[in-house]
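Novice: Just the structure for this:
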Amino acid sequence: MKKISLFCDGSSLGNPGFGGYCAILRYGDKERIVSGGQVDATNNQMELMAVIKGLEALKEPCEVHITSDSSYVVKGINEWLSNWVKKDFAKVKNPELWQYYMDVAKKHKIKATWVRGHDGHIENERCDEIAKNEATQLKG
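Specialist: The predicted structure is shown next:
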């Protein structure tokens, strides 16, 4: 099973507002950037969309180490998701995105790690810049 690093970030101008996301996938010395945006989105939605779109880009089951500055995403993946499923996502924000995440994540072995945002983490800073650029382009 290939070991992939997935660095990600999301942005929302207005929260909700114009949103952007970015995922950097790294395998060995190869890198791929996946990014995009949405007209009406929250920051948390874009943070999670970055993970989803990054996982969608993988063509085979992989061991994926996600690095994010979103405690919502990291704790959602590592701690909260199993209880949300048991409660059928009652009172959970963005249930459709979390179900989408579960669908794209099921074939992978995933571990998520939190990093402090805007603290000099090179890949996180790159993702932040690209995500903000995606949101800004939508805003026009």
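Novice: This structure: strands as residue ranges?
Specialist: In the chain, the strands defined using DSSP state E lie at 2-13, 17-27, 30-41, 62-68, 109-114.
Novice: Dump those strands to CSV, plus mean pLDDT and mean neighbour count.
Specialist: Glycine gets a C-beta too; all of them are placed from N, C-alpha and C. Formatted as CSV, the strands of the chain follow (pLDDT from 0 to 100; neighbours: other C-beta atoms under 10 Å):
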stretch, mean pLDDT, mean neighbour count
strand 2-13, 98, 23
strand 17-27, 98, 24
strand 30-41, 97, 16
strand 62-68, 98, 20
strand 109-114, 98, 15
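Novice: To Asn94, which of those lies closest?
Specialist: Asn94 lies closest, by C-beta to C-beta, to one member of the strands of the chain: strand 30-41, at 10.0 Å.
Novice: In its sheet, which strands sit next to that closest one, and in what direction?
Specialist: When sheet partners are counted by DSSP bridges, strand 30-41 sits next to strand 17-27 (antiparallel).
Novice: now the angle from the partner strand to strand 2-13?
Specialist: Between the axes of strand 17-27 and strand 2-13, defined by axes from the mean of the first three to the mean of the last three C-alpha atoms, to 10 degrees, the angle is 160 degrees.
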